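**Q** Take a look and give me a structure for this.
(chains A and B)
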Amino acid sequence: MLPIILLLNFLIWTSFLYFYTGKYLPDSGRIMNAVISVNISLAIFGMVYFLFLIFSLYFWIFLSFQSTCSVIIIYRNFSTLIRRFNCRFLLSAIGIKLLLMLVSILVITIMFVVSSKKYGDWDAWAIWNLRAKFLLSEDFWKNSLNPGLFWSHPDYPLMLPSWIAIIWKSIGFPSFIVPMLLAYFIMLNILLVLYSSVRIVCGELYGIIILVFLPLDFFFVAQSATQYADTLLALFILITFILFNQNKNPSGFSYFLLGFFSASTGWIKNEGLLFFLVFSIFLLIRSRKERTFYISYMYGAIVPLLIIIIFKLFYAPPNDLLQNQTVHVVFRNLNMTRLSITGNYLLKIIFSEFPILLPLLFLVVIFNPGYFFSFNGLIIFIILFAYMLIYLCFARELEWLLKTSFDRLIHQYYLSFIYTSMISMCKLPPFCQPIGKIS
Amino acid sequence: MNKIHYRIFVFLFLLIIPSLMIFTFLKFAKTQDPLDNLRLDFYPISKLLPNYSTIGFFTNMDNDHETLYYYQSQFILSPRVLVKDGYRVEMLLLEDISRPVKHIENSRKIFSYTKENFRISLLKRFP
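**A** This next block holds a predicted model:
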């Protein structure tokens, strides 16, 4: 019964948000709006669940709260929802495009199945699913913050673990299916949202390129199948970039969503906080003449930021990478040997694990070198540079850390780079584009 | 291809994709992962330990196996907390029988389970 209530609440929240986003983000397209709605619902579920845990409230109270909200949504918007709920577009969508999308989904599903492990990779069960298991208990979830468990990074934010915990709690036991299904779901979100947004901005041919190449990108699928939070972070960063670039007529609502998604990245992983900071600074510079939009952006960021602040200030221990570091150690770490190790590792990863990255970088250098100085390009490359600098300055065991996590950092921005670089090239005059624009 | 053909293909794909995921779940449900085996081994011990307990963790294995078993045990026994080499009221001892015995002072065994070369013991510290 509980999973059905949870699913119903999720569907009601999502459909309400879908109609709302459809009304206020007309340029985004149906798929993008659906992905935005699904992820806002899930993000809010996760944040509310964390608040309920803080007050040691039982799961049935959480479900009752959700259900009450759902009833209010239905009561206040019943006529709108019924009027606008129209399945005809689903039938009219049947055609070669949908077929191609389904073939692509089938291929990516096969790749996912091939590269999946029952409990995911090491960090999945040792960090993310372990945290989710702690979050199952209203009384003992704080055990996960025990100093004895420093190795499981108790300071990591809780978006993914809370999603897993909510579903585990509703079905009554911690099944291995839930984290795997969520990982698959997040990967599909990425494929669909990337295809839909590239298609809308650049035309059908670019969309088809995404549908063909992304499912064949074994590293991307394998990384998604690890069940780590990096893919979820990559999705939220990608949505933020899409929301910023796609809306031809920006509104307070689109900036509100932009703020929500960019701040929510900090509730997925600590790296998200860096993204939020850099993105907010660039947006502030960019929208200095449109102060009202920036205020809407900050309004959108308030809730996720408050949750992060509560968690970081009152619960989470200090980050292990930054703990016990002195200025002297940081400067001692900044030397040529460590720099060359990091540089070599970066090149090795780009050549071996990201097949689309190199050709795309090459095309950008040839056709649109200005991309590297654009809003999107600067944010992505400044953050990657900052990652390298953090590794250089703070990593105690640099080679081990590079080996175990550097590819995941690139993975977080890989999809955003694909999106932003493609749209930057297709906006060029036709004779400058690598492929002509076909719509 | 006309519209009917498209619809048939779409229907087929919508059938195949979830089936593929369901078959994968069924396949994984049947296979025994090391974590599943350890969960079965820990089942009697987990009944004896309250959820709020903080438990010491000891082993006589080499470093790599120690780390692996420690992480796996923590995953299985959460929300209890396992503290590596921590002297607590309750202590978990995982032993490879072929290696030298690990002796923990001031404690007595309250439960022990042996499977092949592997022994799991729950120890209680003397008051």
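
**Q** Confirm for me that residue A:386 is in contact with residue A:274.
**A** Yes: counting by Cβ atoms under 8 Å, residue A:274 is a contact partner of residue A:386 at 6.1 Å. (Each C-beta comes from the backbone N, C-alpha and C, glycine too.)

**Q** so what's residue A:235 up against?
**A** Residues in contact with residue A:235 (Cβ atoms under 8 Å, 6 or more residues apart in numbering or on different chains) are A:39, A:186, A:189, A:190, A:193, A:415.

**Q** neighbours around the residue nearest to the third one when sequence neighbours are not counted, how many?
**A** Counting by Cβ to Cβ, 6 or more residues apart in numbering or on different chains, residue A:189 lies nearest to residue A:35, which is 5.2 Å off, once chain neighbours are set aside. Residue A:35 has 26 neighbouring residues, counting by other Cβ atoms under 10 Å in any protein chain shown.

**Q** and after the helix or strand hosting residue A:35, which helix or strand comes next?
**A** Using DSSP states H and E, residue A:35 maps to helix A:30-54. Using DSSP H and E, the next helix or strand after helix A:30-54 towards the C-terminus is helix A:59-84.

**Q** and that next one, what's its mean pLDDT?
**A** Helix A:59-84 carries an average pLDDT of 84.

**Q** swap in stretch B:115-125?
**A** Here the average pLDDT along stretch B:115-125 is 87.

**Q** Pull out the buried positions in that stretch.
**A** Using 16 or more other Cβ atoms under 10 Å in any protein chain shown as the burial criterion, the residues of stretch B:115-125 that qualify are B:118, B:119, B:120, B:121, B:122, B:123, B:124.

**Q** what's around the closest residue to the second one other than its chain neighbours, how many residues?
**A** Closest residue to residue B:119 apart from its sequence neighbours, by Cβ to Cβ, 6+ apart: residue B:95 at 4.5 Å. Residue B:95 is flanked by 20 other residues according to other Cβ under 10 Å.

**Q** where does residue B:95 sit relative to residue B:126, distance-wise?
**A** Between residue B:95 and residue B:126 the computed distance is 20 Å (Cβ to Cβ, to the nearest Å).

**Q** Over to residue A:346?
**A** Following Cβ to Cβ, the distance that separates residue A:346 from residue B:126 is 55 Å.

**Q** out of the two, which sits in the more crowded spot?
**A** residue A:346 (19 against 8).

**Q** Quick check: that one touching residue A:388?
**A** Yes: assessed by Cβ under 8 Å, residue A:346 is found in contact with residue A:388 at 7.0 Å.

**Q** List the contacts of the nearest residue to residue A:127 once chain neighbours are set aside.
**A** Distances taken as Cβ to Cβ, 6+ apart place residue A:152 nearest to residue A:127, at 5.4 Å, with adjacent residues excluded. Contacts for residue A:152 (Cβ under 8 Å, 6+ apart) come out as A:126, A:127, A:130, A:131, A:144, B:74.

**Q** Pick out the most distant pair among the residues you listed.
**A** A:126 and A:144 (12.3 Å; Cβ to Cβ).

**Q** got the contact list for stretch B:73-87?
**A** Residues contacting stretch B:73-87 (Cβ under 8 Å, 6+ apart): A:125-126, A:129-130, A:133-134, A:136-137, A:140-141, A:143-144, A:146, A:148-149, A:152, B:35, B:38-39, B:42, B:45-46, B:49-58, B:66, B:70, B:92, B:94, B:104, B:125.

**Q** show me where chain B has helices.
**A** Applying DSSP state H to chain B gives helices spanning B:3-30, B:34-48, B:63-77.
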